[in-house]
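Asker: this one's sequence-less:
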């Protein structure tokens, strides 16, 4: 069943945005399938996919009800290598995961199945036990909520996109002018410290405010830390290490050789999967 775990995980993760919950759902669905010995199931893969998707939708609904109003960013996944037991090709970009938080759980599932897995509306309706018409309505609502903010993820090799080392160097130097040159005019910086780590500011926009905050945060918390450039959810990311522990992950969204968004994750629980 290991192949099923790899195949099913992206469905659960793309809906939930969390690694542990996605793994738990996949394991639970597979365990129940084996325990019940469902010999009457003709299409085992389709049955398991449907079960995982609906379990993920239900859990996402519950999580959305109990989540507090603070900044919440998805849990990042390393996509630079494929040796983590995950089919990273099916993992949605980080910027898109952030954007999908604007949707209801069912809208999100329909959007992912249609745009990420190329399902027809007939197939989607069968998965979510609905109608083709309702599937179309859910997709239309989802697109309406996110169309203006749809990220443009550049999958060019990291070294050919942007001299990311320059991004770190100008922050080290405290060079506000040079840093502003690297940022898009509509730059957004979002930070998630979880329940236990208080970030300086959860959401910052504008070139000047973002530049000053990045330099302040580096001087106050990141000075002297080792860093490396990686790929997280198919986007370039800077990983900062305190000794051998991952301390901060900054995922960058790039557009026209500028940094459009920076998603800074410092919640230790959300950095676990990058430490493996």
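Answerer: Now that the structure is in, tell me what you want to look at. What you see is a predicted model, and the numbers here were worked out from it, not measured in a lab. Residues are numbered from 1 along each chain as shown.

Asker: poorly predicted segments of this protein, please.
Answerer: 1-2, 38-39, 68-69, 81-85, 87, 148-163, 276 (pLDDT under 70).

Asker: switch to 90 and redo it
Answerer: 1-6, 32-45, 63-71, 79-90, 146-166, 194-196, 243-244, 254-258, 272-276 (pLDDT under 90).

Asker: pretty sure residue 185 belongs to a strand, no?
Answerer: Yes. Counting by DSSP: H, G, I helix; E, B strand; the rest coil, residue 185 falls inside a strand.

Asker: leaving out chain neighbours, which residue sits closest to residue 205?
Answerer: Residue nearest to residue 205 in three dimensions, not counting chain neighbours: residue 188, with 5.3 Å by CB to CB, 6 or more residues apart in numbering. The way it works is simple: take the backbone N, C-alpha and C, and place the C-beta from them, glycine included.

Asker: which SS state does that neighbour fall under?
Answerer: strand.

Asker: helix, strand, or coil at residue 86?
Answerer: coil.

Asker: how near is it to residue 275?
Answerer: 15 Å (CB to CB, to the nearest Å).

Asker: residue 206 touches residue 187, doesn't it?
Answerer: Yes. Contact criterion CB atoms under 8 Å: residue 206 and residue 187 qualify, at 7.0 Å.

Asker: compare these two (neighbour count), which wins?
Answerer: residue 187 (23 against 15; other CB atoms under 10 Å).

Asker: could you pull up the contacting residues of residue 239?
Answerer: 227, 228, 229, 230, 246, 248, 249, 250, 274 (CB atoms under 8 Å, 6 or more residues apart in numbering).

Asker: any idea which of those residues is closest to residue 236?
Answerer: residue 229 (6.5 Å; CB to CB).

Asker: not counting residues beside it along the chain, what's closest to the closest one?
Answerer: Residue 229 sits nearest to residue 164 (CB to CB, 6+ apart), 5.2 Å away.

Asker: how many neighbours does the one you found have?
Answerer: Neighbour tally, residue 164, other CB under 10 Å: 20.

Asker: pretty sure it contacts residue 238?
Answerer: Yes. Assessed by CB under 8 Å, residue 164 is found in contact with residue 238 at 6.7 Å.

Asker: who touches both of these two?
Answerer: 229, 252.

Asker: the lengthiest helix in the chain - contacts with which helices or strands?
Answerer: Secondary structure of the chain read by DSSP state H shows that its longest helix is helix 44-66. Secondary-structure packing of helix 44-66 (3 or more CB pairs under 8 Å, 6 or more residues apart in numbering; DSSP states H and E): helix 2-16, helix 19-36, helix 105-115, helix 121-127.

Asker: tell me what angle the first one forms with helix 19-36.
Answerer: Just to be clear, that refers to helix 2-16. Angle, helix 2-16 to helix 19-36, by axes from the mean of the first three to the mean of the last three CA atoms, to 10 degrees: 130 degrees.

Asker: which residues touch helix 2-16?
Answerer: Helix 2-16 has contacts (CB under 8 Å, 6+ apart) with 19, 21-23, 25-27, 29-30, 45, 48-49, 52-53, 55-57, 59-60, 63, 77, 85-87, 90-92, 97, 100, 105, 108-109, 112, 116-117.

Asker: can you flag the buried ones in those residues?
Answerer: Buried by 16 or more other CB atoms under 10 Å: 19, 21-23, 25-26, 29-30, 48-49, 52-53, 55-57, 59-60, 77, 86, 90-92, 97, 100, 105, 108-109, 112, 117, out of those.

Asker: now do the strands in the stretch 101-250 of the chain.
Answerer: 183-192, 203-205, 226-232, 235-242, 245-255 (DSSP state E, counting those that start in this stretch).

Asker: just send those strands back as JSON lines, with distance to residue 35 too.
Answerer: Output for the strands of the stretch 101-250 of the chain, formatted as JSON lines (distance: least, CB to CB, whole Å):
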{"stretch": "strand 183-192", "distance to residue 35": "37"}
{"stretch": "strand 203-205", "distance to residue 35": "45"}
{"stretch": "strand 226-232", "distance to residue 35": "36"}
{"stretch": "strand 235-242", "distance to residue 35": "39"}
{"stretch": "strand 245-255", "distance to residue 35": "37"}
